[in-house]
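Novice: turn this into a model:
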Amino acid sequence: MNLSRRDVLAAGAASLLPLKALGALEPPQKTLRVAHMTDFHVQPELHAAEGMAKALEHAMGRKPGLILAGGDLIMDGFAQTEARTKLQWELFTKISRDHAGVSIHPAMGNHDVWGWNKKDSHTDGSERLWAKKWFTDLFHLERTYYSFDKGAWHFVVLDDIALTPDGYNGMVGPEQREWLADDLAKTKKPTVVLSHIPILSVTGLAGGYDQAKGEWNVGGSTMAKDSNELRALFFKNKHVKIALSGHTHVLDRVDFDGVSYLCGGAVCGAWWKGNNGNTKPGYRLLDLHSDGSFDERYVPWGWKPA
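Specialist: Below you'll find the predicted structure:
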């Protein structure tokens, strides 16, 4: 059988089509694994230090590239003396150093603030490490909110702990929102936003129905009070894909306006006393793909209170 030059070229071109259709000429997908570990509440009591170490070892077995620590890293500094707060931070630091094989990027939790309850903490506000200064000094941060890149993804860590006359509320505030708008405008990488108090979550509705008034109530201490402004900013910046939070010690996921709001349960469960309702002590693993898609799952790590 005699083949013309035209026949040979046509056959060669046809043989390339299946390879291109299968994506052989496209760059391979790269994936970054992230452990979202929130609400450690480490303390000397209840075997919490031992538990934190085991939780970190459990997570390291899943080989994450980094840890996002979602706040309430210590049991409490809000209403504790300097000595008690120092003891808890020393536990957190030592256990992290000994058992976390990757970098930890922390968010500020309400229990990580030192001394806002002046009466119980025996402070007057003039102490060098008072309020959030302890946190920034410990983690060598210029301020309590920041951003960074890792692989194909951008990460933003917010501080939504605001002082109120009766304690605290969830709020980022106008100054930080302005910084956030500027930060998001500088990148088109798929973005994860981390805060302690949820920006949007159904967990605040659990038990939030006031039968006497016949109204639903979500308090400012359970969901950020500037949620509307933050969600509008995310909607404007379509590369924001995920918003992680903790605080409620309950697990949920809300997909809204193109953003997945993932409330991450708690490493400590019910403050080292077992499950918090139906949520087991655990952490979230996220596989972040270079095309902006992701997979996620909650991983109970097997804690049983003594």
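
Novice: do you know how far the closest residue to Tyr146 other than its chain neighbours is from Pro44?
Specialist: Distance criterion CB to CB, 6 or more residues apart in numbering; nearest residue to Tyr146, sequence neighbours excluded, is Val157 at 5.5 Å. All C-beta spots, glycine's among them, are computed from the backbone N, C-alpha and C. Distance, Val157 to Pro44, by CB to CB, to the nearest Å: 28 Å.

Novice: repeat that for Ala59.
Specialist: 22 Å.

Novice: who has more neighbours out of these two?
Specialist: Ala59 (25 against 12; other CB atoms under 10 Å).

Novice: which SS class is the more buried one?
Specialist: Following DSSP: H, G, I helix; E, B strand; the rest coil, we place Ala59 in the helix state.

Novice: pretty sure it contacts Leu286?
Specialist: No. At 12.0 Å, Ala59 does not count as touching Leu286 under the criterion of CB atoms under 8 Å.

Novice: any common contacting residues for the two?
Specialist: Common neighbours of Ala59 and Leu286, counting by CB atoms under 8 Å, 6 or more residues apart in numbering, are absent.

Novice: mind telling me what element Lys63 is part of?
Specialist: Lys63 is part of no helix or strand, with elements assigned from DSSP states H and E.

Novice: quick thing: my sequence starts at 56, can you match it?
Specialist: In the new numbering, first residue 56, that becomes Lys118.

Novice: not counting its neighbours along the chain, what's nearest it?
Specialist: Using CB to CB, 6+ apart, the nearest residue to Lys118 is Arg88, at 6.4 Å.

Novice: wait, is that neighbour part of a strand?
Specialist: Yes. The assignment for Arg88 by three-state DSSP puts it in a strand.

Novice: tell me the contacts of it?
Specialist: 117-120, 340-343.

Novice: one more time with 10 Å, if that's ok
Specialist: With contacts defined as CB atoms under 10 Å, 6 or more residues apart in numbering, Arg88 is in contact with 117-121, 157, 340-343, 350.

Novice: swap in Ala124?
Specialist: If you count contacts by CB under 10 Å, 6+ apart, then Ala124 has 90-95, 147, 151, 155, 159-162, 164, 167, 194, 212, 249, 251, 301, 322, 338 around it.

Novice: could you redo the last one with a cut-off of 8 Å?
Specialist: So Ala124 contacts 92-93, 95, 159-162 (CB under 8 Å, 6+ apart).

Novice: ok, so of those, who is nearest Lys188?
Specialist: For the contacts of Ala124, the residue nearest Lys188 by CB to CB is Pro161; the value is 14.6 Å.

Novice: right, and the helix or strand after the strand or helix carrying Leu239?
Specialist: Using DSSP H and E, Leu239 sits in helix 229-240. Next helix or strand after helix 229-240 toward the C-terminus (DSSP H and E): strand 246-249.

Novice: that older thread, ok, the residue nearest to Lys118 to Val211 distance?
Specialist: From Arg88 to Val211 the distance is 19 Å (CB to CB).

Novice: residues of the helix or strand hosting Ala287 that come out buried?
Specialist: Ala287 is part of helix 282-291, with elements assigned from DSSP H and E. Residues 282, 284-286, 288-289 are the ones in helix 282-291 that count as buried (16 or more other CB atoms under 10 Å).

Novice: which residues touch it?
Specialist: 227, 232, 235-236, 239, 248, 254-255, 279, 295, 298, 311-314.

Novice: and these, which are buried?
Specialist: Buried among those by 16+ other CB under 10 Å: 227, 232, 235, 239, 248, 254-255, 279, 295, 298, 314.

Novice: mind putting those residues into JSON lines with distance to Leu142?
Specialist: Conversion of these to JSON lines gives the following (distance: CB to CB, whole Å):
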{"residue": "Val227", "distance to Leu142": "30"}
{"residue": "Arg232", "distance to Leu142": "35"}
{"residue": "Leu235", "distance to Leu142": "34"}
{"residue": "Leu239", "distance to Leu142": "38"}
{"residue": "Val248", "distance to Leu142": "32"}
{"residue": "Ile254", "distance to Leu142": "32"}
{"residue": "Leu255", "distance to Leu142": "35"}
{"residue": "Ala279", "distance to Leu142": "31"}
{"residue": "Val295", "distance to Leu142": "38"}
{"residue": "Ala298", "distance to Leu142": "33"}
{"residue": "Val314", "distance to Leu142": "38"}
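
Novice: nearest to Gly180, of these?
Specialist: For the buried ones among the contacts of helix 282-291, the nearest to Gly180 is Val227 (22.6 Å; CB to CB).
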